[in-house]
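Chemist: Dropping a prediction and its sequence here:
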Amino acid sequence: MKYEVQENCLTIFLPTELDHHNAESIRREADHLIEKNHIRYVIFDFEDTVFCDSSGIGVIMGRYKRIYMLGGEVCAVHTNERMKKILTMSGATKIMKIYEEDK
Amino acid sequence: MENTNEMQLIFDSRSSNESFARVTVAAFMTSLNPTVEEVSDVKTAVSEAVTNAIIHGYENEVHNIYIRCRTEGKTLYLEIEDKGKGIPDVKKAMEPLFTTKPELDRSGMGFSFMEAFMDHLEVESEPGQGTTVKMEKTIGKGRKLWTTQSL
């Protein structure tokens, strides 16, 4: 998993295809990093992502629950039209903001 | 019959085959001249059904998953079958957000996605026998013909 930690903020650079196959390792690594680095903010970077299914949504929702319990926030950046559609349909946009540009 | 085409795919229920399965179905449907959007819809639906077969049907054991594809006119018919443990209550399983594996971060949206992205969804399942997901999508539905405008 490609990622970057800046203070208490974790940016996850999601893979081209976010499905059940690679969701598992992202889940494991992200949770490890969240704990180790006292992360409060998670940014999902969809720059390279062209495919995402409900397993991908599961990873995002799962990280949201964890971060929310810690009093933090998650957001998404660089989402293309398809990703926006998937995130909206699944209700993920209700818990997470989509930013068009890097903050 | 003219205007029909068929293909079948049998592969191991490994998660690494999920992308192979959806890309293969996507390649098969190109003769229907789909839009990028329509291809993405079908890929998502295939991915959901195959993931279900792997996680729930076979519970991560390696067995065969069967995909049968048929095109007839502008319609794509898809059947994705596993011979796994089956679903005791199909109606309940299809409810949005229902999942039997929340500890694995399953969102419970697999069937909702299949329903949303395809025109028709039917699930046949028998506990102990397996599950068959049947889906249909008509390509080019509601798409307007290109009209050339004079300058």
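Modeler: Perfect, I can see it now. Numbers count the residues shown, from 1 in each chain, chains lettered A, B, ... in the order given.
Chemist: so where does residue B:97 fall, helix or strand?
Modeler: Following DSSP states H and E, one finds residue B:97 outside all helices and strands.
Chemist: show me what contacts it?
Modeler: B:107, B:108, B:109 (C-beta atoms under 8 Å, 6 or more residues apart in numbering or on different chains). From N, CA and C alone the C-beta is placed, and that goes for glycine too.
Chemist: What of residue A:22?
Modeler: residue A:15.
Chemist: Reduced to three states, what does the residue at minimal distance from the centre of chain A come out as?
Modeler: The centre of chain A sits closest to residue A:44, judged by C-alpha atoms, centre = their mean, with a distance of 3.4 Å. When classified by DSSP: H, G, I helix; E, B strand; the rest coil, residue A:44 comes out as strand.
Chemist: pLDDT below threshold where in the chain?
Modeler: Reading this off chain A. By pLDDT under 70, the weakly predicted segments of chain A are A:101-103.
Chemist: wait, chain B
Modeler: B:1, B:143-151.
Chemist: thinking again about what came up before, which residues does the residue nearest to the centre of chain A bridge with?
Modeler: Residues in a beta bridge with residue A:44, per DSSP bridges, are residue A:12, residue A:76.
Chemist: thinking it is in contact with residue A:74, fair?
Modeler: Yes - if you go by C-beta atoms under 8 Å, residue A:44 and residue A:74 touch, sitting 6.9 Å apart.
Chemist: In the contacts of residue B:97, which residue is surrounded by the most others?
Modeler: Counting neighbours by other C-beta atoms under 10 Å in any protein chain shown, the top entry in the contacts of residue B:97 is residue B:109, with 26 neighbours.
Chemist: contacting residues for that one?
Modeler: A:54, A:57, A:90, B:96, B:97.
Chemist: host element of the residue sitting nearest the centre point of chain B?
Modeler: What sits nearest the mean C-alpha location of chain B, by C-alpha atoms, centre = their mean, is residue B:46, with 3.1 Å. Using DSSP H and E, residue B:46 maps to helix B:36-52.
Chemist: among the contacts of residue B:109, which ones are buried?
Modeler: A:54, A:57, A:90 (16 or more other C-beta atoms under 10 Å in any protein chain shown).
Chemist: For chain A, which residues are neighbours of chain B?
Modeler: A:17, A:19-21, A:23-24, A:27, A:51, A:53-55, A:57-59, A:61-62, A:82, A:86, A:89-90 (C-beta under 8 Å from any C-beta of the partner chain).
Chemist: Mark which of those residues are part of strands, please.
Modeler: Mapping the residues of chain A next to chain B onto strands (DSSP state E) picks out A:17, A:51.
Chemist: From the residues of chain A next to chain B, list the buried ones, please.
Modeler: A:17, A:19-21, A:23, A:27, A:51, A:53-55, A:57-59, A:61-62, A:82, A:86, A:89-90.
Chemist: taking these one by one, which sit in helices?
Modeler: Here DSSP state H is the test, and these give A:20-21, A:23, A:27, A:54-55, A:57-59, A:61-62, A:82, A:86, A:89 as lying in helices.
Chemist: Kindly indicate which of those residues lies nearest residue B:101.
Modeler: residue A:58 (9.6 Å; C-beta to C-beta).
Chemist: shouldn't that closest one be in contact with residue B:107?
Modeler: Yes - between residue A:58 and residue B:107 there is a contact at 4.0 Å, judged by C-beta under 8 Å.
Chemist: Quick check: buried residues in stretch A:92-103?
Modeler: Neighbour counts using 16+ other C-beta under 10 Å place A:92, A:96, A:98 of stretch A:92-103 among the buried residues.
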